[in-house]
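Peer 1: The sequence isn't on hand, but the structure is:
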């Protein structure tokens, strides 16, 4: 017989795993109609709850799970390092989960909380909505978010102001006289990408630069995506003089495309990225980038989440807004 999991029940009943858990625990937060539907699926699938997990509910696994969209992306390395160093100093282990840019995998990893495999789960720039995340936190599960602000008192979060971050880049380019600025966005569902695009558009308006939709392309936060996005832009437009990429991985893709097309940086095109990953200092010219305090984003969130499970000394502090800084290097300056 197939090993039926709570995620299977949730999928067939068209509810979240947290809702299934609430039904099994007799929670009054589930309405009668939904409860009946879930119980019907449980009977049909002959699902047997993990009683061992229930028995372990009050015991600690001393483990945090960290869910990232793409474990190969450089952006996550420093965040994970910050989480792991803080967690280890407080005697917790860290489990890394790669969602592979799939929403369904993010949902599946949340079952680690329900089954009590881990004590808490940290989601880095998740695609799940605040409402979906809140359904777990409101049911008593410990959950933290890095990369965006979540309006739930049970969910600690650490983030930078992506709108302000984009504004700083646009103003840096506008001050040098650039009026045709292209923007490469990340995943369409990623909050940080959405906010950076919003900041880009607002900054153009503030700087008196007309918005041109044809100068906005989606590069999926990856090097190959940035490469393809730049090639598409260049095949349609030849007049833009600056490119702002929503992360450094895409900036590296732009560099590759420029090398193939014989475009000189920064003489013919200036480039600015986000994150200031190490590789930006090992290409020529070095890439200007908005530096986010990635290590601290991870470290402070891990400390808060563990504290929340153990006494909550930081109860009055739930949202941690950290500052990003523009690091100007050769790629965005005609003269250094």
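Peer 2: Alright, I've got the coordinates. All values derive from a computational prediction rather than experimental measurement.
Peer 1: Where does pLDDT dip in the protein?
Peer 2: The chain contains residues with pLDDT under 70 at 1-3, 26-28, 48-59, 314, 334-336.
Peer 1: what about the strands in it?
Peer 2: Using DSSP state E, the strands assigned to the chain run over residues 63-68, 93-98, 120-124, 142-146, 157-160, 181-185, 216-218, 242-245, 270-274, 288-291, 319-322, 325-327.
Peer 1: Pull the contacting residues for the spatially most central residue of the chain.
Peer 2: In the chain, the centroid-proximal residue (CA atoms, centre = their mean) is residue 125; its distance is 1.5 Å. Residue 125 is in contact with 68-69, 146-148, 190-192, counting by CB atoms under 8 Å, 6 or more residues apart in numbering. C-beta: built from backbone N, CA, C; applies to glycine.
Peer 1: what about residue 298, how many residues close to it?
Peer 2: 28 (other CB atoms under 10 Å).
Peer 1: what sits against it?
Peer 2: Contacts for residue 298 (CB under 8 Å, 6+ apart) come out as 78-84, 86, 122, 146, 158.
Peer 1: Could you work out the end-to-end span of stretch 281-291 for me?
Peer 2: 12 Å (CA to CA, to the nearest Å).
Peer 1: if I look at the nearest residue to residue 75 once chain neighbours are set aside, how far off is residue 204?
Peer 2: Nearest non-adjacent residue to residue 75, counting by CB to CB, 6 or more residues apart in numbering: residue 275, 5.3 Å away. Per CB to CB, to the nearest Å, residue 275 is found 22 Å from residue 204.
Peer 1: same question, residue 5
Peer 2: Applying CB to CB to residue 5 and residue 204 gives a distance of 48 Å.
Peer 1: More neighbours: which of the two?
Peer 2: Shown here are residue 5 and residue 204; by other CB under 10 Å, residue 204 has more neighbours (21 against 17).
Peer 1: Go ahead and confirm that one touches residue 211.
Peer 2: Yes - Residue 204 lies in contact with residue 211 (CB atoms under 8 Å); the separation is 5.3 Å.
Peer 1: one step back: Throw the strands of the chain into a markdown table and include distance to residue 32 and mean neighbour count, thanks.
Peer 2: Output for the strands of the chain, formatted as a markdown table (distance: least, CB to CB, whole Å; neighbours: other CB atoms under 10 Å):
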| stretch | distance to residue 32 | mean neighbour count |
| --- | --- | --- |
| strand 63-68 | 33 | 24 |
| strand 93-98 | 35 | 16 |
| strand 120-124 | 30 | 26 |
| strand 142-146 | 27 | 25 |
| strand 157-160 | 34 | 25 |
| strand 181-185 | 43 | 27 |
| strand 216-218 | 43 | 19 |
| strand 242-245 | 51 | 29 |
| strand 270-274 | 48 | 28 |
| strand 288-291 | 50 | 24 |
| strand 319-322 | 36 | 14 |
| strand 325-327 | 53 | 16 |
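Peer 1: Let's have those strands in a markdown table, adding distance to residue 305.
Peer 2: Below are the strands of the chain laid out as a markdown table (distance: least, CB to CB, whole Å):
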| stretch | distance to residue 305 |
| --- | --- |
| strand 63-68 | 7 |
| strand 93-98 | 11 |
| strand 120-124 | 5 |
| strand 142-146 | 4 |
| strand 157-160 | 10 |
| strand 181-185 | 30 |
| strand 216-218 | 32 |
| strand 242-245 | 31 |
| strand 270-274 | 25 |
| strand 288-291 | 24 |
| strand 319-322 | 11 |
| strand 325-327 | 26 |
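Peer 1: for residue 322, what are its contacts?
Peer 2: By CB under 8 Å, 6+ apart, residue 322 lies in contact with 158-160, 292-293, 296-297, 300.
Peer 1: Equivalent analysis for residue 185, please.
Peer 2: 193, 196-197, 216-219, 246.
Peer 1: Which residue ranges of the chain form helices?
Peer 2: Counting by DSSP state H, the chain has helices at residues 6-13, 17-24, 32-45, 51-55, 74-89, 103-114, 130-137, 162-175, 191-206, 223-236, 248-261, 294-309.
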